[in-house]
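Engineer: Whatever this is, show me its structure:
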Amino acid sequence: MTQLRLYPNLILEALSNVRYPGNGKNIVELGMVEDDIRIEGNKVSFSLIFERPTDPFIKSIVKASESAIANFISPEVEIKGNIAVKTRIAAPQEAVKPLAHVKNIIGVSSGKGGVGKSTVASNLAVALAREGYRVGLLDADIFGPSMPKMFGVEDEQLYMHKVDDRELIIPLERYGVKLLSIGFLVDKNSPVLWRGSMASNALKQLITDADWGELDYFLIDMPPGTSDIHLTLVQTLAMTGVVIVSTPQKVALADARKGIAMFMSDKINVPVLGLIENMAWFTPELHPEEKYYIFGRDGGKELAKELNIELLGQIPIVGSICDHGDDGQPIALGETIASQAFMHVAHEVIDAVDRRNELLPPTEKVNVIRK
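Structural biologist: Numbers count the residues shown, from 1 in each chain. Predicted coordinates for the structure are as follows:
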């Protein structure tokens, strides 16, 4: 290995090519590079200073700094793993109520994976937006985020801006839906290996440190099953209610029953707005009148009746639902049998929310406003 001629100003010049997302300034002029650059032969180490330990761009800034030194100085510089991360001691700030300008917060949950929960959440959001409502969608499925792909925004970059002296993440907007996902902050080809507390903290930041603005409906695509993520959400937010997604088969219904029991428990106590039966039957696109009950018939309908909750709708299996999800164009955008089913579900959710709000004291009732 060639002995390089390195000095602090050369390192700073390279790092001046790294810009903090959102404000256009580089990390040197922002004072993020601490005055502790150490050079030992070809080994370089220093510290980066962030305002808070939960900054969503920490990992990307560290990687960008490593790349800048390799590209603008030499790939022989030993820098990987030698960048320390520090945070400033911020002055205490007045607590900000999460989603203070959001009328209704609705969780989309399932007892198990593989029942199409994220497909339902994405199409429900689009259907509500098509009806003229202001809609936000948070992909809270930390370990399997799929919304970036379903909305065709996998390669988009997040930015931040200042609102009332706070730096807030700007949600992406697609098809009239404001969207954030942990998938925007991690490598889409690598698994998210986080402990529960790390996942919960990341999720809280996407909720509280984002500029969601005024919304009529804020949908949360929850992780499948029952976990501490669910506890984090209900402890952080005053949720209007939750919709449960299941397929008609007995194994899915058994898990859906557990999920419903969790939300109805004294510890959680979130209203269950109703159940959506996904994959209710298979319908060939060229023969819409035909129905094939490949996962059983009316299982979700019967469970809803048994538990005395609303059946919000039955979504058929249609090949184009998957195709449109993979192409980043939710099928609810179109005019097909499947899109009509999602529009019907959207109307039922609106009615369920209205019924729930009618039970609230007058001071707590909310009105939704169409665009």
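
Engineer: For Gly81, give me phi and psi.
Structural biologist: phi 80, psi 0 (degrees, to the nearest 10).

Engineer: Let's see the pLDDT reported for it.
Structural biologist: We have a pLDDT of 90 for Gly81.

Engineer: Against Tyr7, how distant is it?
Structural biologist: Separation of Gly81 from Tyr7 (CB to CB, to the nearest Å): 21 Å. (Glycine included, C-beta is placed from N, CA and C.)

Engineer: Ok, Phe72 next?
Structural biologist: For Phe72 relative to Tyr7 (CB to CB), the value is 14 Å.

Engineer: of these two, who's got more company?
Structural biologist: Legend: neighbour count by other CB atoms under 10 Å for Phe72 and Tyr7, higher for Phe72 (16 against 10).

Engineer: beta partners for Ala210?
Structural biologist: On the basis of DSSP bridges, Ala210 is bridged to Ile169.

Engineer: My read is that it contacts Ile169, right?
Structural biologist: Yes: at 4.3 Å, Ala210 counts as touching Ile169 under the criterion of CB atoms under 8 Å.

Engineer: those helices in the stretch 1-150 of the chain, which residues are they?
Structural biologist: 8-15, 58-72, 117-130, 147-150 (DSSP state H, counting those that start in this stretch).

Engineer: can you tell me the distance between the two ends of stretch 219-238?
Structural biologist: Terminal residues of stretch 219-238 are spaced 13 Å apart (CA to CA, to the nearest Å).

Engineer: Quick check: buried residues in that stretch?
Structural biologist: 219-227, 229-230, 232-234, 236-237 (16 or more other CB atoms under 10 Å).

Engineer: residue ranges for the strands of the stretch 101-250 of the chain, please.
Structural biologist: 102-110, 135-139, 159-163, 166-170, 172-174, 177-181, 215-221, 241-246 (DSSP state E, counting those that start in this stretch).

Engineer: so can I have TSV of those strands showing mean pLDDT?
Structural biologist: Output for those, formatted as TSV (pLDDT from 0 to 100):
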stretch	mean pLDDT
strand 102-110	92
strand 135-139	95
strand 159-163	87
strand 166-170	90
strand 172-174	95
strand 177-181	94
strand 215-221	95
strand 241-246	93
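
Engineer: can you tell which of those is closest to Leu312?
Structural biologist: strand 241-246 (6.2 Å; CB to CB).

Engineer: Report the separation between the residue nearest to His230 when sequence neighbours are not counted and Gly183.
Structural biologist: Closest residue to His230 apart from its sequence neighbours, by CB to CB, 6 or more residues apart in numbering: Met222 at 6.3 Å. Look at Met222 and Gly183: by CB to CB, they are 15 Å apart.

Engineer: tell me, what residue is most central in this structure?
Structural biologist: Averaging the C-alpha coordinates of the chain gives a centre point, and the residue nearest to it by CA atoms, centre = their mean is Asp139 (2.0 Å).

Engineer: Show me what the longest helix along the chain is packed up against.
Structural biologist: If each helix of the chain is counted by residues according to DSSP state H, the longest one is helix 337-358. Contacts defined by 3 or more CB pairs under 8 Å, 6 or more residues apart in numbering; DSSP states H and E place helix 337-358 against strand 102-110, helix 117-130, strand 241-246, strand 272-282, strand 311-317.

Engineer: picking that back up, I'd assumed Gly111 was in contact with the residue nearest to His230.
Structural biologist: No: counting by CB under 8 Å, Met222 does not reach Gly111; the two are 10.9 Å apart.

Engineer: So Ala252: helix, strand or coil?
Structural biologist: Secondary structure state of Ala252, per DSSP: H, G, I helix; E, B strand; the rest coil, is helix.

Engineer: how about it, what does it touch?
Structural biologist: 111-112, 115, 246, 295, 299 (CB atoms under 8 Å, 6 or more residues apart in numbering).

Engineer: try 10 Å this time
Structural biologist: By CB atoms under 10 Å, 6 or more residues apart in numbering, the contact set of Ala252 is 110-115, 245-246, 277-279, 295-296, 299-300, 303.

Engineer: Which of those residues are buried, as a PyMOL select command?
Structural biologist: Entered in PyMOL, the line below selects the buried ones among these, by 16+ other CB under 10 Å:
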select buried, resi 110+111+112+113+115+245+246+277+278+279+295+296+299+300+303
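
Engineer: and which of the contacts of Ala252 is nearest Val28?
Structural biologist: Gly113 (44.6 Å).

Engineer: Kindly report the domain assignment for the chain.
Structural biologist: 8-87, 102-364 (automatic domain parsing).

Engineer: No more questions from me, cheers.
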